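**Student:** Can you look at this prediction? I've put the sequence above it.
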Number of protein chains: 2
Amino acid sequence: MARLAGVSQTTVSLVLGGNKQGIALHEETRARVLAAARELGYVPDPAARRLAAARNNLLGVFSFTATFPTAVEHSYYPFLVGVEQEAAVQGFDLVLFTGSSPGGAQADASGALERVRLADGCLFLGRHVPAAALRRLVDDGYPAVHIGRRDELSGLAWVGADYVEASAEVVRHLAALGHRRVVLVREDDDAPASTDRERGFRAALDAAGLAGPEGGADPVTRAADPAAGITSEWVRARYAEGVTAFVAEETDTGAAWRALLTAVEGAGLSAPADVSLALLGSPPADLAGRPEPTGFDIPRAELGAAAVRALTGLLAEDGAPTASTVPTVPAATPFVACAFRAGHTAGPPPGA
Amino acid sequence: MARLAGVSQTTVSLVLGGNKQGIALHEETRARVLAAARELGYVPDPAARRLAAARNNLLGVFSFTATFPTAVEHSYYPFLVGVEQEAAVQGFDLVLFTGSSPGGAQADASGALERVRLADGCLFLGRHVPAAALRRLVDDGYPAVHIGRRDELSGLAWVGADYVEASAEVVRHLAALGHRRVVLVREDDDAPASTDRERGFRAALDAAGLAGPEGGADPVTRAADPAAGITSEWVRARYAEGVTAFVAEETDTGAAWRALLTAVEGAGLSAPADVSLALLGSPPADLAGRPEPTGFDIPRAELGAAAVRALTGLLAEDGAPTASTVPTVPAATPFVACAFRAGHTAGPPPGA
DNA sequence: TTGTACGCGTTATCAG
DNA sequence: CTGATAACGCGTACAA
């Protein structure tokens, strides 16, 4: 009701709303409205704004597990760093939708998801997004961007780390150091993040003309339980087969890397003197004290920022239907590059 | 527009809205509405719902610096853990207002603060909240709760850690171990968190009949620059004066604790064999590898949760003006207890 | 028990 | 350039 403040009325919408229509208005009235608004501490109601088909400058963040779990290392915090920063730059505030549904009556996931419609658009995090509910959202044209590759849901925009290229780069690094026989240890998981790494690993291996253990065995080992499968004996056997570099993928638990470190140590080998070790990702927090692994870092903050940019891009699209003739430039690729990390666990093979 | 679905119209609100008024309605129609809603995939527009209900189930979180700075250890993350959890329990979503105002025109602090009115109520974090702007908010009856003690702003609700009692408990612990001469090292800072610690320290000292260095010198040392003031010589001198236990306060930088550790080590003493050390708070991240300090932990998550409870309490007050005769029970105390941490840096004095 | 009508706070359209 | 007026989609007294 700031309209009573000064003398005007609809004008308030214009000056406070950014005057999208490009309507000219007296600087004086503009100032008066602004003053009155500040005086009364008036702020346009986001709900009403939204209802009137405008936008409320709110970006949603929906995560299926708690956004801030007690264990920092399992949280989405690193993404949020980038999300918050980029959102601030673009003039958006953030709404954190708590994935765990409130104590209310029907606390099913689908209902909870609909709440995001309050915001102009929404970012989604986490593996277990209920597909059906999300499907409805995107089919309705609601702007949504998923952080992390997600192809199953056609039509859902996403940004993801380029694990293929990053993994390939690590292999190329090992090849350049002189390693000829390299193996990859991965967990028994078919997440895109996992298969992408394997893809990049194999591709780079082929391109460099490298191989796995002698005898033509598969250079990729899947271990449902790395602690049990990746033993000192296993490492010794591979070593005997000419393998000089071991690569592990990063997972939530870091089990593969942990098992590899333990097994190599147990085999009486040390890195990078005897064998080279590389990690496709970052080490778990409890292993942070160890020598920095050769590998790459997932640019989580960058991903968050990229997701925000993608989302505001979507907003601009359906927000300015007949706007300028300049087409909205779509992101060239939804992939964000990972940063190669030289680390201290890889070096030339013993013979070199 | 699901009203066209079945045959009814307003009824849709009732059945989908939970029928708070206890109005009776045919099970048949109810079922029909439900069926139609599912059929069309109809969901009440949250925005419209908020508009009609004059409440948006949104809790604001305003921090004057970025909520998620790059350096994790300086962030408000630990508080957010509790805030998010409690907010979810109470059925609220969170709006993150970044202190840095958006790219809009006047980016002054006061304007940025007014944005919080968008939410039903707001939590404030950080030392440098602009008093004037906050003053206006609370004077207008806007529900606000500050995390951390803040007495200057009369009328502003707050929750804070009970540093007085926690510090006293640490002293009592040292006394029980047999220490008779104890000193406190604090920085030259008059924040409530700092003065409270000193107060608790002194009170417990008096109550236990303990003293500082012999000669009646003040048991509390203020050092503007701990690295310069708290030297090995200083420690040796105190030790010669009979001091067997050194206590440091926690600060943003952890400078006092860091200086104390360095100085004690430099003096050729070791804890807890020669002297006992205690920290009134948690050690800085880079010192996390050291032996766990005796002291206490600030219950940041608890504080966040308590703040949310306080805020929703305020909401209930002015939200149900003429509601039930049952008065809203105000929190007994805005203080949250700290958790004593036994740690490994304190033990009986050498003579014991 | 169910339908009618109004208002919530904004934005957009259209006269003045 | 500025002041009315009509939606927006839903809650809710009130009437049927």
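**Tutor:** Happy to help now that I have it.
**Student:** Next secondary structure after the helix-or-strand element of chain A with minimal mean pLDDT?
**Tutor:** When the helices and strands of chain A are compared on mean pLDDT, DSSP states H and E, helix A:109-114 comes out lowest with a mean of 71. Using DSSP states H and E, the next helix or strand after helix A:109-114 towards the C-terminus is strand A:121-125.
**Student:** So in that sheet, which strands flank that following strand, and in what orientation?
**Tutor:** strand A:58-63 (parallel), strand A:144-147 (parallel) (DSSP bridges).
**Student:** can you tell me the average pLDDT over the shortest one?
**Tutor:** What that stands for is strand A:144-147. Averaging pLDDT along strand A:144-147 gives 95.
**Student:** The first one too?
**Tutor:** Per-residue pLDDT values over strand A:58-63 give a mean of 92.
**Student:** follow-up on the earlier one: so for DNA strand D, which of the strands paired with strand A:121-125 sits nearest?
**Tutor:** Smallest distance to DNA strand D across the strands paired with strand A:121-125 (Cβ to the nearest atom of the strand): 16.4 Å, for strand A:58-63. Yep, even glycine has a C-beta here, placed from its N, CA and C like the rest.
**Student:** burial of A:S154, as a residue count?
**Tutor:** A:S154 has 8 neighbours, counted by other Cβ atoms under 10 Å in any protein chain shown.
**Student:** what do you get for A:V220?
**Tutor:** For A:V220, using other Cβ under 10 Å, the count is 17.
**Student:** List the contacts of it.
**Tutor:** Contact analysis of A:V220 by Cβ atoms under 8 Å, 6 or more residues apart in numbering or on different chains lists A:183-184, A:186, A:198, A:201-202, A:212.
**Student:** Try it again at 7 Å.
**Tutor:** The neighbours of A:V220, taking Cβ atoms under 7 Å, 6 or more residues apart in numbering or on different chains as the test, are A:184, A:186, A:198.
**Student:** Which of the residues you listed fall within strands?
**Tutor:** A:184, A:186 (DSSP state E).
**Student:** pLDDT score assigned to A:S276?
**Tutor:** Looking at A:S276, its pLDDT reads 98.
**Student:** Please apply the same query to A:F92.
**Tutor:** 91.
**Student:** and the nearest residue to it once chain neighbours are set aside, what are its bridge partners?
**Tutor:** Setting aside the residues directly before and after it, A:F92 is nearest to A:L59 in space (Cβ to Cβ, 6 or more residues apart in numbering or on different chains), at 4.5 Å. Counting by DSSP bridges, A:L59 is bridged to A:L94, A:G121.
**Student:** Tell me how far A:L59 lies from A:A87.
**Tutor:** According to Cβ to Cβ, to the nearest Å, A:L59 and A:A87 sit 5 Å apart.
**Student:** Quickly list what's touching both of these two.
**Tutor:** By the contact definition Cβ under 7 Å, 6+ apart, A:L59 and A:A87 are jointly contacted by A:94, A:308.
**Student:** Determine the number of other residues adjacent to the residue in chain A positioned nearest to DNA strand D.
**Tutor:** DNA strand D sits closest to A:A24 of chain A, with a gap of 2.3 Å, by Cβ to the nearest atom of the strand. Using other Cβ under 10 Å, A:A24 has 6 other residues around it.
**Student:** Could you do the one 10 residues further on as well?
**Tutor:** The number of residues packed around A:L34, counting by other Cβ under 10 Å, is 18.
**Student:** Now do the SS call for it.
**Tutor:** Three-state call for A:L34 (DSSP: H, G, I helix; E, B strand; the rest coil): helix.
**Student:** quick one, what contacts the residue lying closest to it once chain neighbours are set aside?
**Tutor:** In space, and not counting its chain neighbours, A:L34 is closest to A:V15: 6.5 Å by Cβ to Cβ, 6+ apart. Contact analysis of A:V15 by Cβ under 7 Å, 6+ apart lists A:25, A:30, A:33-34.
**Student:** Distance check, A:V15 against A:A31.
**Tutor:** To A:A31, A:V15 is 9 Å away according to Cβ to Cβ.
**Student:** With mean neighbour count and distance to DNA strand D as added columns, please give the strands paired with strand A:121-125 in a markdown table.
**Tutor:** Listed next are those as a markdown table, based on neighbours: other Cβ atoms under 10 Å in any protein chain shown; distance: least, Cβ to the nearest atom of the strand, whole Å:
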| stretch | mean neighbour count | distance to DNA strand D |
| --- | --- | --- |
| strand A:58-63 | 26 | 16 |
| strand A:144-147 | 25 | 19 |
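**Student:** Residues touching the helix or strand A:F340 falls within, excluding its own?
**Tutor:** Using DSSP H and E, A:F340 sits within strand A:339-341. Here strand A:339-341 makes contact (Cβ under 7 Å, 6+ apart) with A:169, A:292, A:294-297, A:299.
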